[in-house]
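Visitor: Predicted model follows, preceded by the sequence.
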Amino acid sequence: MRKHKHLLSTLLIAAVFSACGMFNRGKKTSVDYLNEGYVKAFVTEYRVDGCTFMLQLEGEGQKRLEPDGLQPEFEHDSMRVWLKYQPEERMSICMAGQTIKVIDIKKRDD
């Protein structure tokens, strides 16, 4: 009788874990971009003297950044993005912000 109770308990626990796994399938796992080193920014159209698109940090100062290039899917004015970048010393075309190398960029949904 004890063996049956132990087996039944084990099967019940396995069923609960299996059901939880089924409910989590298809759900996107949320990434904490701030803890991953990203900053909040948005794309700005800046068509002056050969410039096309720049990035602008959100928050205090709203610093402008001149990226080393953006992928076409990010060339939309006012698009909110998560940005991971590295300052870069190079000749500036726009002369309107800090030159940067884009390490990674993701579209923001918030």
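Guide: Right, received. Where do you want to start?
Visitor: could you pull out the strands for the chain?
Guide: 39-45, 53-57, 64-67, 80-87, 98-107 (DSSP state E).
Visitor: Can you lay out these as JSON lines showing distance to Ser30 and mean pLDDT?
Guide: (Each C-beta comes from the backbone N, C-alpha and C, glycine too.) Compiled in JSON lines, the strands of the chain are given as follows (distance: least, CB to CB, whole Å; pLDDT from 0 to 100):
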{"stretch": "strand 39-45", "distance to Ser30": "16", "mean pLDDT": "96"}
{"stretch": "strand 53-57", "distance to Ser30": "22", "mean pLDDT": "95"}
{"stretch": "strand 64-67", "distance to Ser30": "26", "mean pLDDT": "94"}
{"stretch": "strand 80-87", "distance to Ser30": "12", "mean pLDDT": "97"}
{"stretch": "strand 98-107", "distance to Ser30": "12", "mean pLDDT": "96"}
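Visitor: can you tell me which of those comes nearest to Tyr33?
Guide: Set against Tyr33 and scored by CB to CB, the strands of the chain come closest in strand 80-87, at 4.4 Å.
Visitor: So which bits of that closest one are buried?
Guide: When neighbours are counted by 16 or more other CB atoms under 10 Å, the buried residues of strand 80-87 are found to be 81-83, 85.
Visitor: Can you name every helix or strand that that strand contacts?
Guide: In terms of contacts (3 or more CB pairs under 8 Å, 6 or more residues apart in numbering; DSSP states H and E), strand 80-87 is packed against strand 39-45, strand 53-57, strand 64-67, strand 98-107.
Visitor: now with 7 Å?
Guide: Counting contacts by 3 or more CB pairs under 7 Å, 6 or more residues apart in numbering; DSSP states H and E, strand 80-87 is packed against strand 39-45, strand 98-107.
Visitor: So for Asp32, which of the strands of the chain sits nearest?
Guide: Between Asp32 and the strands of the chain, the shortest separation by CB to CB is 10.5 Å, and it involves strand 80-87.
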